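Colleague: Got a predicted structure here, sequence first:
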Amino acid sequence: MTDSAPSIPEGFGPIFRSSPVLDALGGFMSRGTDASLEIGMLVGANHLNARGALHGGVTATLLDVGIGYMLVARSGGRRRVTARLTLDYRSSAKIGEWLQVHLDDVREDGRKTHATARLMSAERVVAQAEVLFIDASVPHT
């Protein structure tokens, strides 16, 4: 008999920095620091839509938070705010699946940071994102 219980990869624990929305959704996890920071989530019942699949809003939140947190970690704490988030949903995810954010490309342009990433369940792409972040520490005019 095989153990099919959902599992969280070794070293992941509750996300290091939360917020009211992340607390309400629950399950956001992290591992590592600086350039090695990883963000993931085990899909739970509270993450599902009425059809029993991962809700698109949770997908968007996980990608937005994951990319943002990884950029802050890689830049020594430089904070950014999301200005635009574009998602392409590629497949669905179900309860018990481990999802992980994979940062693919980052381009800096003054106050702007452009990033692309994938949300993965093992080798399957669940969603792809393009995000524009604006440096939150520089006043705009």
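Modeller: Received, thanks.

Colleague: Hmm, residue 26 and residue 61 touching each other?
Modeller: No. Checked against Cβ atoms under 8 Å, the pair residue 61 and residue 26 is beyond contact range at 11.6 Å. From N, CA and C alone the C-beta is placed, and that goes for glycine too.

Colleague: okay, the two: which has more neighbours?
Modeller: residue 61 (18 against 13; other Cβ atoms under 10 Å).

Colleague: how near is the more buried one to residue 82?
Modeller: Separation of residue 61 from residue 82 (Cβ to Cβ, to the nearest Å) stands at 11 Å.

Colleague: need the helices for the protein, in chain order.
Modeller: Taking DSSP state H as the criterion, the chain contains helices spanning 20-25, 56-74.

Colleague: Output those helices as TSV; include the columns mean pLDDT and distance to residue 106.
Modeller: As requested, those are arranged in TSV below (pLDDT from 0 to 100; distance: least, Cβ to Cβ, whole Å):
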stretch	mean pLDDT	distance to residue 106
helix 20-25	93	22
helix 56-74	96	7
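
Colleague: closest to residue 35 out of those?
Modeller: Among the helices of the chain, the nearest to residue 35 by Cβ to Cβ is helix 56-74 (5.2 Å).

Colleague: Flag every buried residue along that closest one.
Modeller: 58-73 (16 or more other Cβ atoms under 10 Å).

Colleague: Output the below-cut-off pLDDT ranges for this protein.
Modeller: Low-confidence segments of the chain (pLDDT under 70): 1-6, 138-141.

Colleague: still on that earlier bit, with distance to residue 40 added, can I get the helices of the chain in JSON lines?
Modeller: Listed next are these as JSON lines, based on distance: least, Cβ to Cβ, whole Å:
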{"stretch": "helix 20-25", "distance to residue 40": "13"}
{"stretch": "helix 56-74", "distance to residue 40": "8"}
